[in-house]
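Undergrad: When you get a sec, could you give me coordinates for this:
(2 chains)
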Protein chains: 2
Amino acid sequence: MVIEPPYLIFLGDVPDALAAKTGLGIVDWRPEWCIGQLRLEGCKADAGIPDLSVEEAKAKGVQTMVVGSVNAGGVLPEHWIASIVSALEAGLNVATGLHVRLASIPEIAEAAARGGAGLHDVRFSDVKFATGKGTKRSGRRVLTVGTDCSVGKKYTALALEKEMRARGMDADFRATGQTGVFISGRGAAIDAVAADFISGAVEWISPEADPDHWDLIEGQGSLFHPSFAGVSLGLLHGAQADFFVVCHEPTRTTMRGVSHALPTIQQVIDQTITCGQLTNPAIACAGIAVNTQKLNEGEAKTLLEALARDYGVPASDPIRFGVSPIVDRIVAMAGTE
Amino acid sequence: MVIEPPYLIFLGDVPDALAAKTGLGIVDWRPEWCIGQLRLEGCKADAGIPDLSVEEAKAKGVQTMVVGSVNAGGVLPEHWIASIVSALEAGLNVATGLHVRLASIPEIAEAAARGGAGLHDVRFSDVKFATGKGTKRSGRRVLTVGTDCSVGKKYTALALEKEMRARGMDADFRATGQTGVFISGRGAAIDAVAADFISGAVEWISPEADPDHWDLIEGQGSLFHPSFAGVSLGLLHGAQADFFVVCHEPTRTTMRGVSHALPTIQQVIDQTITCGQLTNPAIACAGIAVNTQKLNEGEAKTLLEALARDYGVPASDPIRFGVSPIVDRIVAMAGTE
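TA: So this is what the prediction gives:
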């Protein structure tokens, strides 16, 4: 599956930036690929790049319009179809991570046929996964886990890859969600895999590697989220993580999309170790990554210092302060084994 | 989805009875629907019903051939295709719970078209599930959980339904696997649902009900199985079980299909409560169901007495001794709330 850049990022008319996290994530990590954004009236998300029509985007060399916003459950709202049809009629490819195949919508299938453009459904993999075996694979693996959905698990894994590569380490980000697949050009959207194959798909995404190779595996959901914990557990078992980093958003009071309270960081550490030991008895916590966007710099530093002290591992905001202390810890812990 | 009885049970040439558990389960719970079995040379499974050719089955009034054996991963072996084609050519419908759609195999699609017969892929649901919400639903729910796959979770849930109904209680078995769907004519094969929708599908399978209604929900896999734990966790969260029954096979040393050791019953109880409290804080263990097939009656009774004493809940073999003590316990515990 090749998604051809450069991209026009379609954000629709979503009510907040979280719902546009796919589009915003692509812009953050691949700014050179993102020529512009297409937003509908009322859109509350903004990627900070030029607003372009499909015709303007085409004139600027865009190859693919990526649907960068998503509804709960991955449904395609009726009123987004016209935008997709006009992109296809302008000759752009269209890529989405929705739970519905684009070609299953007749107007879209017909427009794609007329425009000669490609449809990419990132959530529908043609790979035939095997069931997970839990057999130890060579290579080193770090998994990002979370107290909730949308707390920076992908960002943290990408930041770890960037920092490790800057140090000359052999490191690869491994995508398990639609945005990660758009950013890295490979991987699989694990939440769309048939339930029997969750851990098996992760074994495929992060295959056997050289003993000194590091995979930075993107986590999904939370072991404590009533909608998605099954995905998180299969992902943990398939990852066979040597180390995990707990990702957290400190101002959130209920888990995304439901009324349940967030677990504590300690609960996440304990449950991740308890469950993760099934496929890697040596699993250990290597750090805490906090999204401190809603705190000022002083508040953020105070919080991170308190977390580092309380949990005995480095705590940082990957966007604001980088992940250098977490990589230091991973290197130190790996070296003493 | 309606699977039309009576059935011819196709067992293929599987190496053991466990691989034929779908077929054997249908025969056990719906003997009146199962006119005969079709086995290939070398088949090590036997449902104890007449061996019939497709022509003989057709002459005896069979409507549907159910593929009652399965390989790891749900793959359809090449050499079973000829049997399916001949059944279709004889005018029988064919139903399977494999991970591949029958119509995706050209020879089968053509034979179905020629014979005018129907193809039923139980693992492919046309229902559009929502993501799980974890919101408490009215009605009472019992979930069967396990120390491994294939330890009697479906049998136990069906036996609980039978015993509760015999006592005049309002009780329904809720199928989450292919065999259960064949037996009850409804439900969904939860292991084939897209990973994001595991708990949501269970909320659909066991919907809101009268306060005195009991759902007996079929469990899948094990929280400790490295291939399938994600399914088990999503199922536990979606079920919001008031009570669970731990199912166990005492002679097994490694988990089915992998090299991992079985968890202890205590580990399963503890982890089920820890995880299950997320969507039902009152979840409690109501019994242990042991498949004692490989023990003699004296050994079985000794084991069950020891388990009941050690864990403080009734322990029984549902096939050998019934589930009456477990239903007694459920009724007593439910009455004191």
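
Undergrad: rest of the way, CA atoms for contacts and neighbours
TA: Noted.

Undergrad: Now do the same for the residue in the stretch 151-300 of chain A that chain B sits nearest to: helix, strand or coil?
TA: Here the stretch 151-300 of chain A gets closest to chain B at one residue, A:Gly230, 3.9 Å apart by C-alpha to the nearest C-alpha. Put simply, A:Gly230 is helix when judged by DSSP: H, G, I helix; E, B strand; the rest coil.

Undergrad: from memory it sits against B:Phe228, does it?
TA: No - between A:Gly230 and B:Phe228 there is no contact, the gap being 9.3 Å when judged by C-alpha atoms under 8 Å.

Undergrad: Looking only at neighbour counts, state which of the two leads.
TA: Using other C-alpha atoms under 10 Å in any protein chain shown as the criterion, A:Gly230 and B:Phe228 rank with A:Gly230 on top: 34 against 29.

Undergrad: so where do the helices sit in the stretch 101-250 of chain A?
TA: Along the stretch 101-250 of chain A, counting by DSSP state H, counting those that start in this stretch, helices occupy A:106-115, A:153-166, A:178-184, A:198-205, A:229-239.

Undergrad: Indicate which one of the ones you listed is closest to A:Pro15.
TA: The closest of these to A:Pro15 is helix A:178-184. By C-alpha to C-alpha, the value is 19.0 Å.

Undergrad: Is the closest one positioned near chain B?
TA: No - with C-alpha under 8 Å from any C-alpha of the partner chain as the criterion, chain B is not reached by helix A:178-184; the gap is at least 12.9 Å.

Undergrad: One more: stretch A:189-203?
TA: Yes - using C-alpha under 8 Å from any C-alpha, stretch A:189-203 comes into contact with chain B via A:Ile190, A:Asp191, A:Ala192, A:Val193, A:Ala194, A:Ala195, A:Asp196, A:Phe197, A:Ile198, A:Ser199, A:Gly200.

Undergrad: Name the surrounding residues that touch the worst-scoring helix or strand of chain A on mean pLDDT.
TA: For chain A, using mean pLDDT, DSSP states H and E, the weakest element among its helices and strands is helix A:178-184, scoring a mean of 87. With C-alpha atoms under 8 Å, 6 or more residues apart in numbering or on different chains as the test, helix A:178-184 has contacts from A:3, A:22-23, A:25-26, A:29-30, A:97, A:122-123, A:154, A:173-175, A:187-189, A:218.

Undergrad: repeat for stretch A:288-306
TA: Where contact means C-alpha under 8 Å, 6+ apart, the residues beyond stretch A:288-306 that reach it are A:151-152, A:156, A:245-251, A:307-308, A:313-320, A:326.

Undergrad: tell me which residues of that stretch are tucked away?
TA: If you call a residue buried by 16 or more other C-alpha atoms under 10 Å in any protein chain shown, then stretch A:288-306 has these buried ones: A:Ile288, A:Ala289, A:Val290, A:Asn291, A:Thr292, A:Ala300, A:Lys301, A:Leu303, A:Leu304.

Undergrad: so of those residues, which ones are in strands?
TA: Using DSSP state E, the subset of the buried residues of stretch A:288-306 located in strands is A:Ile288, A:Ala289, A:Val290.

Undergrad: what pairs with the second one across the strands?
TA: Pointing back at A:Ala289 there. Beta-bridge partners of A:Ala289, counted by DSSP bridges, are A:Cys247, A:Ser316.

Undergrad: can you list the residues of chain A near chain B?
TA: Close to chain B, as judged by C-alpha under 8 Å from any C-alpha, chain A has residues A:72-73, A:130-135, A:190-200, A:224, A:226-235, A:237-238, A:257-259, A:275, A:278-279.

Undergrad: and the gap between A:Gly230 and B:Met164?
TA: 30 Å (C-alpha to C-alpha, to the nearest Å).

Undergrad: Give the residue farthest from the middle of chain A.
TA: In chain A, A:Arg114 marks the outermost C-alpha relative to the chain mean, sitting 33.0 Å out by C-alpha atoms, centre = their mean.

Undergrad: Contact partners for A:Gly322?
TA: With contact taken as C-alpha under 8 Å, 6+ apart, A:Gly322 is in contact with A:Ala159, A:Ser316.

Undergrad: So it belongs to a strand, correct?
TA: No - going by three-state DSSP, the assignment for A:Gly322 is coil, not a strand.

Undergrad: coming back round to it: is it possible to get JSON lines of the residues of stretch A:189-203 next to chain B that adds pLDDT and neighbour count?
TA: Listed next are those as JSON lines, based on pLDDT from 0 to 100; neighbours: other C-alpha atoms under 10 Å in any protein chain shown:
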{"residue": "A:Ile190", "pLDDT": "94", "neighbour count": "30"}
{"residue": "A:Asp191", "pLDDT": "89", "neighbour count": "25"}
{"residue": "A:Ala192", "pLDDT": "86", "neighbour count": "24"}
{"residue": "A:Val193", "pLDDT": "92", "neighbour count": "25"}
{"residue": "A:Ala194", "pLDDT": "91", "neighbour count": "21"}
{"residue": "A:Ala195", "pLDDT": "94", "neighbour count": "31"}
{"residue": "A:Asp196", "pLDDT": "93", "neighbour count": "29"}
{"residue": "A:Phe197", "pLDDT": "95", "neighbour count": "28"}
{"residue": "A:Ile198", "pLDDT": "97", "neighbour count": "34"}
{"residue": "A:Ser199", "pLDDT": "98", "neighbour count": "33"}
{"residue": "A:Gly200", "pLDDT": "97", "neighbour count": "25"}
